[in-house]
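Peer 1: dropping the sequence and predicted coords here.
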Amino acid sequence: MMAFRRIGLLGALAVSAGLIATPVYRIYLVTLGSLAQLAWLPWGFFDLLIDYRAGFVRRGLLGAIIHHLSGQGSQLPITNRLVFANFCIAVFALTSLAVLRKRNRIRNLILVLIVPGGLFAWGITNQFFYRKEALFLSFLAVTSLGFSLLRSWGSPSIRRLGAVILIALILVAGPVLCLVHEGFLFLAAPANLILLLAIVPYLSLRNPTRTPIICRYVGAAYSVAIAATFLVECWFRGSAKLAQAIWQNLNPADRAMITAGGAVEGGVSTLSFSIFDALRMPFHVLISGLAWFWLVPILGLMLYCLTTVALDLDANVGERIRNLQCWSQMYAFLFLCVSPAFLIGWDWGRWIANLNLCFLVLWLAISEDYLPQVAPFPKGWRIFSPDLGAAILAACDSFLQRKRAWVIAALVIFAITFRFPESTLQPIDTTYVLHDVAEAARALIRDLHTRTL
């Protein structure tokens, strides 16, 4: 029996190593391995290059930094290095968070890595990793890792100092990341707010009664700072003239990689979108009937995340149900916060992927004892009574405990056979993760064979 367990452990470690190494290598090939030619989506490349040379505009901070580091040459090398470094940071932080958990470390790491739209899919599908939400995720993962380490420090004074540093970092970085992309308000600020409220109790270890008061002040300060930055960016939303000026300021080599013609294309074209343009795509999704298809990834991935959480809970039945209820409310809170992005943004797949990754990072970092209480729905808006909700969760918990192995197998099968497009459902991509894994394996074999000749 011990031998089988050791073999299983070694196999799980090998799978984990493969899930980490494969996307790192794949993204290395299209970034550091392709510094002279763009090997990922031109639209995303141009979105990263929006800067302030033609005037202050929303989402221009990162482009200004890239331009400053690039000088007058092509901005692709610096951009590729930044994108790859950010991905490696996210992988390291996420892996560390899973390892620092007290139980089910390898299983949790595997389930988090293979979630559709997750870090493994980034490398296999050659998508998402160059989006600005990847910066939001790496920042959340790093600060969450800091919080996870903070809990293990023995000295109360060191814990308070660490809490002060993390809180200051989150408060300062919030408006800064909003300048990288205004969608930070919907996509990542709510998750950072939850982490912020989880850190606050470490400020008042000697007097826990002050915690609710400090939480209100810190939460309000963070929310006001993010909202104020967002309103400023709404005023400087850009125009077609500004988009043309940004396009002309680009290095000719970069323009040639984005489009062969002379028209403004890529992510900067969104600066000329009106409110009508932003609402047109969501309206098309609704009237075409495609909204019902989006229920599959939304509900499927919600169940994937909550099932992963439920499988990790280790307590008596009553406590497991209460903890699962808290995490379900947390997921509902994050979903409500991201929902405005579905009305004003086209890339629904990105929003769904970002929602689930933020939730999983918070779950890995925050223990149930310090999970902030959120009420996503007022009491009068509840669809069913708390007793009915508890009964449903109790039935789910009972099923998961009895069929644990089958449920884990179902999660793995779902993760490796389901993927949603990065943006809209049209055109539908007929390839799946397994198809891309096979293609990546063939490419790797060909590459190794070429190098040995």
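Peer 2: Structure's in. What do you need?

Peer 1: helix, strand or coil for A228?
Peer 2: Secondary structure assignment for A228 (DSSP: H, G, I helix; E, B strand; the rest coil): helix.

Peer 1: and the residue lying closest to it once chain neighbours are set aside, how far from L313?
Peer 2: Leaving aside its chain neighbours, A228 sits nearest to P175 (7.7 Å; criterion: Cβ to Cβ, 6 or more residues apart in numbering). Placement of C-beta: from N, CA and C, glycine included. In this view, P175 and L313 are 36 Å apart by Cβ to Cβ, to the nearest Å.

Peer 1: swap in S148?
Peer 2: Shown here: S148 relative to L313, a distance of 18 Å by Cβ to Cβ.

Peer 1: which is the next helix or strand following the helix or strand containing Y222?
Peer 2: Taking DSSP states H and E as the definition, Y222 sits inside helix 211-235. For helix 211-235, the succeeding helix or strand toward the C-terminus, using DSSP H and E, is helix 240-249.

Peer 1: so for that next one, mean pLDDT?
Peer 2: Confidence for helix 240-249, expressed as mean pLDDT, is 84.

Peer 1: with just CA atoms, put that helix into PDB.
Peer 2: The C-alpha atoms that make up helix 240-249 are tabulated as PDB, following Å, rounded to 0.1, in the frame of the first residue of the first chain:
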ATOM      1  CA  ALA A 240     -10.500  58.600 -33.000                       C
ATOM      2  CA  LYS A 241      -8.100  61.600 -33.400                       C
ATOM      3  CA  LEU A 242      -6.100  60.500 -30.300                       C
ATOM      4  CA  ALA A 243      -6.100  56.900 -31.500                       C
ATOM      5  CA  GLN A 244      -4.600  58.000 -34.800                       C
ATOM      6  CA  ALA A 245      -2.000  60.100 -33.000                       C
ATOM      7  CA  ILE A 246      -0.900  57.100 -30.900                       C
ATOM      8  CA  TRP A 247      -0.800  55.000 -34.000                       C
ATOM      9  CA  GLN A 248       1.500  57.500 -35.800                       C
ATOM     10  CA  ASN A 249       3.800  57.700 -32.700                       C
END
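
Peer 1: and it, which residues are buried?
Peer 2: Of all the residues in helix 240-249, those buried under the rule 16 or more other Cβ atoms under 10 Å are 242-247.

Peer 1: separation between the residue nearest the centre of the chain and R59?
Peer 2: By Cα atoms, centre = their mean, the mean C-alpha position of the chain lies nearest to N354, the distance being 3.6 Å. Summarising the geometry, the distance separating N354 from R59, computed by Cβ to Cβ, is 16 Å.

Peer 1: what stretches of the stretch 301-450 of the chain score poorly on pLDDT?
Peer 2: Filtered on pLDDT under 70, the stretch 301-450 of the chain yields the residue ranges 370, 373-389, 423-437.

Peer 1: which residues in it form helices?
Peer 2: Assigned by DSSP state H, counting those that start in this stretch, the stretch 301-450 of the chain shows helices spanning 317-344, 348-365, 386-402, 404-417, 433-452.

Peer 1: what's the closest of these to P297?
Peer 2: Put simply, out of those the one that sits nearest P297 is helix 348-365, at 5.5 Å, with distance taken as Cβ to Cβ.

Peer 1: and that closest one, how far out from the chain's middle?
Peer 2: Computed by Cα atoms, centre = their mean, to the nearest Å, the chain-centroid distance of helix 348-365 equals 5 Å.

Peer 1: flag every buried residue along it.
Peer 2: Of the residues in helix 348-365, those with enough neighbours to count as buried (16+ other Cβ under 10 Å) are 348-365.

Peer 1: what angle separates it from helix 317-344?
Peer 2: Angle of helix 348-365 versus helix 317-344, following axes from the mean of the first three to the mean of the last three Cα atoms, to 10 degrees, is 150 degrees.

Peer 1: please list all residues in contact with A173.
Peer 2: Contacts here follow Cβ atoms under 8 Å, 6 or more residues apart in numbering; on that basis A173 touches F139.

Peer 1: for it, give its distance to D47.
Peer 2: As defined by Cβ to Cβ, A173 lies at a distance of 20 Å from D47.

Peer 1: what residues does stretch 20-33 touch?
Peer 2: Under the criterion Cβ under 8 Å, 6+ apart, residues 39-40, 80-81, 83-84, 87-88, 91, 95, 113, 119-120, 122-124, 126, 129, 440, 444 lie in contact with stretch 20-33.

Peer 1: okay, the angle between the host helix or strand of R159 and helix 211-235?
Peer 2: Following DSSP H and E, the helix or strand that holds R159 is helix 156-180. When the same axes, to 10 degrees is applied, the directions of helix 156-180 and helix 211-235 differ by 20 degrees.

Peer 1: buried stuff in helix 156-180?
Peer 2: Judged by neighbour count (16+ other Cβ under 10 Å), helix 156-180 contains these buried residues: 159-160, 162-163, 166-167, 170-171, 173-175, 177-180.
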